[in-house]
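**Q** Okay, structure incoming, though there's no sequence with it:
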């Protein structure tokens, strides 16, 4: 059996830059893996694919993890099957890439399980067939994503810090979030370049001031605004929606005890509240 951690992601910046002829939106986004993770285990079987999940509503063929396994076995012409077990911690419908992280972990686990020796680059190419965030979840660390988010290049690693993540009671439909974006003009602030400079400086305050997300501006949701206000009341250096939402995160200095107090206070109001750290590529 092979067990992998499937790390969540946050978007430090996210700008919609255009739209392809096929309807897919083009974007530019600075992404960071964080320590909040699902646990994905894979065990060989003679044939077939089975996906078990701690959230039973996510078990079976409808899970992207099932499609990831089917794709890997088919593309590598691997004879055999797998039982996949997923212990969920990343909230669903949060903009934290939980499904993509699970799919990435499945591809990595099967690669090790069957000794397929598929390169990371080739695994990312497979992952792109499953979803735009999957290649990032394979590559990890701190990356700039362009195109639909799947074309990756390295960014300077995020400095050690504390990250409080909260998912409100509702989820966000990504399709609906894009429809809201389409009603607004594109700003083209080149926020990713601002973030690159901030990351190069290693100054968390500068990084916090460079946070940007087009979806955050479009959200206009009182619950999200309330969470961000609460985070700032504990001294958060910055707070932002991740992806298309609905999760909100806040940055705190690595030694700031207020981060734990903030998480505890928000956990009394919201079931999904986490204290996390950046996960940088070794």
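**A** Ah, there it is. For clarity, every value in this text was computed on a predicted model and none was experimentally measured. Numbers count the residues shown, from 1 in each chain.
**Q** packing partners for the lengthiest strand in the chain?
**A** As assigned by DSSP state E, the longest strand anywhere in the chain is strand 25-45. Strand 25-45 sits against strand 2-19, strand 81-87, helix 98-113, strand 142-146, strand 161-167, helix 191-201, strand 272-276, with contacts defined as 3 or more C-beta pairs under 8 Å, 6 or more residues apart in numbering; DSSP states H and E. C-beta: built from backbone N, CA, C; applies to glycine.
**Q** Now do the fifth one against strand 2-19, angle only.
**A** Spelled out, that is strand 161-167. Calculated by axes from the mean of the first three to the mean of the last three C-alpha atoms, to 10 degrees, strand 161-167 forms an angle of 80 degrees with strand 2-19.
**Q** quick revisit: give me the angle between the longest strand of the chain and strand 272-276.
**A** Using the same axes, to 10 degrees, one finds that strand 25-45 and strand 272-276 are set 90 degrees apart in direction.
**Q** Sheet partners, orientation included, of the helix or strand following strand 25-45?
**A** Per DSSP states H and E, the first helix or strand lying C-terminal to strand 25-45 is strand 49-53. In the sheet, strand 49-53 lines up against strand 81-87 (parallel) (DSSP bridges).
**Q** How far away from the center of its chain is the strand it pairs with?
**A** 21 Å (C-alpha atoms, centre = their mean, to the nearest Å).
**Q** do the same with stretch 41-51
**A** The chain centre lies 25 Å from the centre of stretch 41-51; the measure is C-alpha atoms, centre = their mean.
**Q** Same question for that stretch: list its buried residues.
**A** 41, 42, 49, 50, 51 (16 or more other C-beta atoms under 10 Å).
**Q** now do stretch 248-266
**A** Here stretch 248-266 shows 248-253, 256, 258-259, 262-263, 265-266 as buried, counting by 16+ other C-beta under 10 Å.
**Q** Which one of the residues you listed is nearest to residue 9?
**A** Residue 9 lies nearest to residue 249 out of the buried residues of stretch 248-266, by C-beta to C-beta, at 10.4 Å.
**Q** Pull out the buried residues from the least confident helix or strand in the chain by mean pLDDT.
**A** In the chain, no helix or strand scores lower on mean pLDDT, DSSP states H and E than helix 174-182, which sits at a mean of 76. Residues 177, 178, 180, 181 are the ones in helix 174-182 that count as buried (16+ other C-beta under 10 Å).
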